[in-house]
Structures are given as structure tokens and as C-alpha cells.
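S.K.: Sequence and predicted structure, then a few things I'm wondering about:
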Amino acid sequence: MPMKNRLLRRLYLPGLALLLPLLILYSGYLYYHSLITSILDEAVKDETGKADVIIVFGAAIAAGGRPSRVLQSRINRAFELYKKKMAQQFILTGGIGWGPPAESVVMKRELVRMGIPEQSIFLETRSRSTREQVTFAIRTCRSSGWKSALLVSDPFHIYRLKIQFQGSGIRVRNSAARSLPQNQTLFNRYLRMEVLKTLAWHLFDH
């Protein structure tokens, strides 16, 4: 091998060894910020309109089987959509978290108390993850012939929900239960948590 080629090789390989980790880090940085942008873009949307069904995703319950503040906001939003005649059917998801009853059971109890007919509510009580809740919702929509749904959850959660509905044939729209946190510390904390959960889904549950 000519001396010039050997010299170039000696310079090239160490340079590549240094450059490759930097490229990986930079790609990760770009992906991370792209993910933040996607989550925020979905979080600020309000796509409320008529649909076949309202899908409400569970959240932790409070002591004594009462709805937590977060869960109550989702119950109130679902009822508001019903009163506005956006949809008349419900899918409630959420299994047992800290203890019984299941989150969906608490939601059903509150919605029935508000005047929603029990026969309008489809319930699942065993899920432990967003993926399981989405799987049940898709199965129920398909068996009922529903093609469109309003998603009721927290705003940062909507992006992850939507990507899990992709390819299902169900047209889903954002009708988040709460506005984005005004407190900057809470805003950043919830956003970081959702970014990590979405990354985990892409890496381990896709």
C-alpha cells in the first residue's frame, strides 16, 4: 500500500471514531427536540367536533374511590361533549391503579350519576398502560362500526395516543380535558415526563 494511502487511513479511522459518536448524539438531540415539538403541537389543538364516540382515558383515583382532580376533569369534559351532542357513546378505559375500584368504574359511576345512560358506556377494567387502553378502544370501535372518536385526556398525552391509533382506521381528534399548565415548573415537568413515556413507547412497545 502506498505510503500516502496508509497515512490517510491512519488519519481517517481515528477521525471517524470521533465523529460517529458526535453524529449519534446530534441525531438524538434533533429527534428529542422534534418529539417535543410534536407533543406541543398536538397539545394546543382543539379538534372538538361531532364524532361516533368519546374515548376517555383513565387517571389515578383518590382515597375512598373518588375521582382525583385530574380524573374529574376528564369526566367533566366527557359530559360536556355529550351535552353538546358531539357524540352519544362512550368508551371508558383504565384499570386498577393504587387500589380498587378501576379508574373506568369510577368514571362510569360519575357519568351515570350525571345522567348518562348506562347502555351508552363501554367499559374496560384491566388495562395497565396506554397501549392496552388504545387496543381495547380500537377493538370496541371496530366491533361497533365506529369510524371517528374524540380523545379525552390531558393535552400532553394526546400525541402519544394519536400515534398509537395510526393504522387503525379510526379517525381520532383532540378534545383534551384540561388546558396546559400555566406554572412553568409544572409545564416543564409534565412535558419531560411525556417525552420520556413516548420515547419508551417507541423503544420498547412499538
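M.R.: Sure thing, it's come through. Numbering: from 1, shown residues only.
S.K.: mind checking how far the closest residue to residue 133 other than its chain neighbours is from residue 83?
M.R.: Distances taken as C-beta to C-beta, 6 or more residues apart in numbering put residue 93 closest to residue 133, at 3.8 Å, once the chain neighbours are dropped. The way it works is simple: take the backbone N, C-alpha and C, and place the C-beta from them, glycine included. Between residue 93 and residue 83 the distance is 21 Å, computed by C-beta to C-beta, to the nearest Å.
S.K.: out of these two, which sits in the busier spot?
M.R.: Between residue 93 and residue 83, counted using other C-beta atoms under 10 Å, residue 93 has the larger neighbour count: 27 against 11.
S.K.: and residue 134, how many neighbours does it have?
M.R.: Residue 134 has 24 neighbouring residues, counting by other C-beta under 10 Å.
S.K.: Surely it is in a helix?
M.R.: Yes - the assignment for residue 134 (DSSP: H, G, I helix; E, B strand; the rest coil) places it in a helix.
S.K.: shouldn't it be in contact with residue 162?
M.R.: No - the criterion here is C-beta atoms under 8 Å, and residue 134 misses it with residue 162 at 9.8 Å.
S.K.: starting at the chain centroid, how far to the helix or strand where residue 138 lies?
M.R.: Assigned by DSSP states H and E, residue 138 falls within helix 130-144. Its chain's C-alpha centre and that of helix 130-144 lie 14 Å apart, by C-alpha atoms, centre = their mean, to the nearest Å.
S.K.: Okay, buried residues for it please.
M.R.: 130, 133-138, 140-141 (16 or more other C-beta atoms under 10 Å).
S.K.: Show me what it is packed up against.
M.R.: Helices and strands touching helix 130-144, by 3 or more C-beta pairs under 8 Å, 6 or more residues apart in numbering; DSSP states H and E, are strand 53-56, strand 90-92, helix 158-165.
S.K.: residues in contact with residue 89?
M.R.: 52-54, 120-122, 144, 146 (C-beta atoms under 8 Å, 6 or more residues apart in numbering).
S.K.: Equivalent analysis for residue 63, please.
M.R.: Residue 63 sits next to no residue when contact means C-beta under 8 Å, 6+ apart.
S.K.: Over to residue 60?
M.R.: So residue 60 contacts 68, 70-71, 97-98, 103 (C-beta under 8 Å, 6+ apart).
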